[in-house]
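Q: structure for this input, please:
(2 chains)
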Protein chains: 2
Amino acid sequence: MAPSPGDKSPGSGEDARVARTRADVARAALEVLTDERSDAVTHARVAELAGYSKTTLYTHWPSRVDLIALALDALGELPHHDQSGDIRTDLIGELQAFRGGITTMRLDRVLTGMAQWASVEEMREIRDKINASGQGPLRAMLAEVLNGVELEAAVSMLTGVVACPSIMFGTLPDDDVIAASVDIVLRSAKRRGSPKP
Amino acid sequence: MAPSPGDKSPGSGEDARVARTRADVARAALEVLTDERSDAVTHARVAELAGYSKTTLYTHWPSRVDLIALALDALGELPHHDQSGDIRTDLIGELQAFRGGITTMRLDRVLTGMAQWASVEEMREIRDKINASGQGPLRAMLAEVLNGVELEAAVSMLTGVVACPSIMFGTLPDDDVIAASVDIVLRSAKRRGSPKP
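A: Next up, the predicted model:
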């Protein structure tokens, strides 16, 4: 989109061109990551899809991890469930929304892509941001019934019910497995009693 | 190792040579998969490490998925906990053994490698074999206290506590998170009562 005539933002001229290139390349890198696989995110493939030269890509994003990081930046809002106030309904809804994101946004490939670069510091920050945004509502709901190390365990267990089969086996849990996992956690929390404030 | 003079096994001559090549290449492919990453499992890299020509590798294992399948075949016994008879101790021990396998055998890379090829039928069979062997003891223990869809959910939840952080974040759960996840499941099973026989 051309800047409007009154546009005095720092994004005009040279900067705007860089920002546009960045957005185009990020979108293309995300497309390769989710449509193909993280192996496929190479300078050659992303340059081809974005319509820029490989030289341009190498100048701004010298390594493959830069391209993966750029792709993750373009990911946008993760899917969440609109909360009803009933914790069982909302936990099930949140896990179903996550499952939906695996289908529509190919979050399994995003997760695997992140995992492959887990040892790179730059990737760790992006991953933490995505995880905080992805797990936030689940964690907040579980904090109403669990705390401390059991809260950590429960977040990991419920995330795992959806993420693990998709990453490990390429399958997704049925509604009844999702509901059963929520019931296991809630029944356990009930037996333990409310967390201390 | 040279066959002993009395060796009349079907593995002699031509067959023995093929079997030896297969074992050498499988070991090299597994080494590349676990020391590097599944992207690195290429005919060129495995041939170099195994000391065979690329042509030999292409002749016997034409595709990259063949090389990954061969690597998984060479994986050997998965680590398990020696059972004591106390279910809490044994579930915790089993998850700790799985965590140990991620460190020593790089099972996280094995799992990610399998996941990248999840849609290939040949890989599905190998994966099911590895999963049955890996999850067998955990499933048998949980079947003493849960059944039906809750048994499936619990297997997935406890596997997820160990596998998910390692695949998604490159981290491993502490002993107290493992114990807390076992406690959540066992407390829940207690509240529900014993499964029907």
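Q: and the residue of chain A that's closest to chain B?
A: A:Gly160 (1.7 Å; Cβ to the nearest Cβ). All C-beta spots, glycine's among them, are computed from the backbone N, C-alpha and C.
Q: residues near that residue, how many?
A: By the measure other Cβ atoms under 10 Å in any protein chain shown, the count of residues near A:Gly160 is 26.
Q: got the contact list for it?
A: By Cβ atoms under 8 Å, 6 or more residues apart in numbering or on different chains, the contact list for A:Gly160 reads B:Ser156, B:Met157, B:Thr159, B:Gly160, B:Val161, B:Ala163, B:Cys164.
Q: could you rerun that using 6 Å?
A: Applying Cβ atoms under 6 Å, 6 or more residues apart in numbering or on different chains, we find A:Gly160 in contact with B:Met157, B:Gly160, B:Cys164.
Q: so the lowest-mean-pLDDT helix or strand in chain A versus helix B:107-116, what angle?
A: Every helix and strand in chain A was compared by mean pLDDT, DSSP states H and E; the lowest is helix A:107-116, with a mean of 79. The directions of helix A:107-116 and helix B:107-116 differ by 140 degrees, with axes from the mean of the first three to the mean of the last three Cα atoms, to 10 degrees as the criterion.
Q: can helix A:107-116 be found next to chain B?
A: Yes. Against chain B, helix A:107-116 shows contacts by Cβ under 6 Å from any Cβ of the partner chain at A:Leu111, A:Ala115.
Q: what residues sit buried inside that helix?
A: Neighbour-count burial for helix A:107-116 flags A:Leu107, A:Asp108, A:Arg109, A:Val110, A:Leu111, A:Thr112, A:Gly113, A:Met114, A:Ala115, A:Gln116 (criterion: 16 or more other Cβ atoms under 10 Å in any protein chain shown).
Q: ok, now which ones touch the residue lying closest to the second one once chain neighbours are set aside?
A: Going back to what we said before, that points to A:Asp108. Nearest non-adjacent residue to A:Asp108, counting by Cβ to Cβ, 6 or more residues apart in numbering or on different chains: A:Ser166, 4.2 Å away. Applying Cβ under 6 Å, 6+ apart to A:Ser166 gives the contacts A:Ile102, A:Asp108, A:Leu172.
Q: what residues does chain A put near chain B?
A: A:39, A:111, A:115, A:118, A:149-150, A:152-153, A:156-157, A:160-161, A:163-164, A:167-168, A:170, A:176-177, A:180-181, A:184, A:187-188, A:191.
Q: buried subset of these?
A: A:39, A:111, A:115, A:118, A:149-150, A:152-153, A:156-157, A:160-161, A:163-164, A:167-168, A:170, A:177, A:180-181, A:184, A:187-188.
Q: strands - which of these land there?
A: If you go by DSSP state E, these have nothing in strands.
Q: okay, helices next: where are they in chain A?
A: A:14-35, A:43-50, A:54-60, A:64-73, A:87-104, A:107-116, A:121-142, A:148-164, A:175-192 (DSSP state H).
Q: which of those helices has the lowest average pLDDT?
A: Ranked by mean pLDDT, the helices of chain A bottom out at helix A:107-116, which scores a mean of 79.
Q: starting at the chain centroid, how far to that helix?
A: Relative to its parent chain, helix A:107-116 has a centroid offset of 8 Å by Cα atoms, centre = their mean, to the nearest Å.
Q: one more: stretch A:101-117?
A: Using Cα atoms, centre = their mean, the offset of stretch A:101-117 from its chain centre is 7 Å.
Q: distance between the ends of it?
A: 21 Å (Cα to Cα, to the nearest Å).
Q: isn't A:Ala40 up against A:Val32?
A: Yes. The pair A:Ala40 and A:Val32 qualifies as a contact (Cβ atoms under 6 Å) at a distance of 5.2 Å.
Q: looking at the two, which is more packed in?
A: Using other Cβ under 10 Å as the criterion, A:Ala40 and A:Val32 rank with A:Val32 on top: 23 against 13.
Q: look up how far A:Tyr52 lies from that one.
A: 13 Å (Cβ to Cβ, to the nearest Å).
Q: tell me the contacts of the most centrally placed residue in chain A?
A: The residue lying closest to the centre of chain A (Cα atoms, centre = their mean) is A:Ile130, at 4.9 Å. By Cβ under 6 Å, 6+ apart, A:Ile130 lies in contact with nothing.
Q: ok, now A:Arg124?
A: Counting by Cβ under 6 Å, 6+ apart, A:Arg124 has no contacts.
Q: one more: the one 3 residues further on?
A: Contact criterion Cβ under 6 Å, 6+ apart gives A:Met114 as the residues in contact with A:Arg127.
Q: cool, and A:Met141?
A: Applying Cβ under 6 Å, 6+ apart, the residues near A:Met141 are A:Ile87, A:Asp90, A:Leu91.
Q: most neighbours of all the residues you listed, which one?
A: A:Leu91 (26 neighbours).
Q: that one contacts A:Ala180, doesn't it?
A: No. Using Cβ under 6 Å, A:Leu91 makes no contact with A:Ala180, being 11.8 Å away.
Q: could I get the contacting residues of A:Leu49?
A: A:Ala28.
Q: hmm, I typed the wrong one, I wanted A:Leu30.
A: So A:Leu30 contacts A:Ala71, A:Ala74 (Cβ under 6 Å, 6+ apart).
Q: kindly recompute the last result at 8 Å.
A: Contacts of A:Leu30 by Cβ under 8 Å, 6+ apart are A:Ala71, A:Leu72, A:Ala74, A:Leu75.
Q: same question for A:Lys190.
A: Per Cβ under 8 Å, 6+ apart, neighbours of A:Lys190: A:Val145, B:Arg191.
Q: so what's A:Ala71 closest to, chain neighbours aside?
A: Using Cβ to Cβ, 6+ apart, the closest residue to A:Ala71 is A:Ala29 (3.7 Å).
Q: neighbours around that neighbour, how many?
A: 29.
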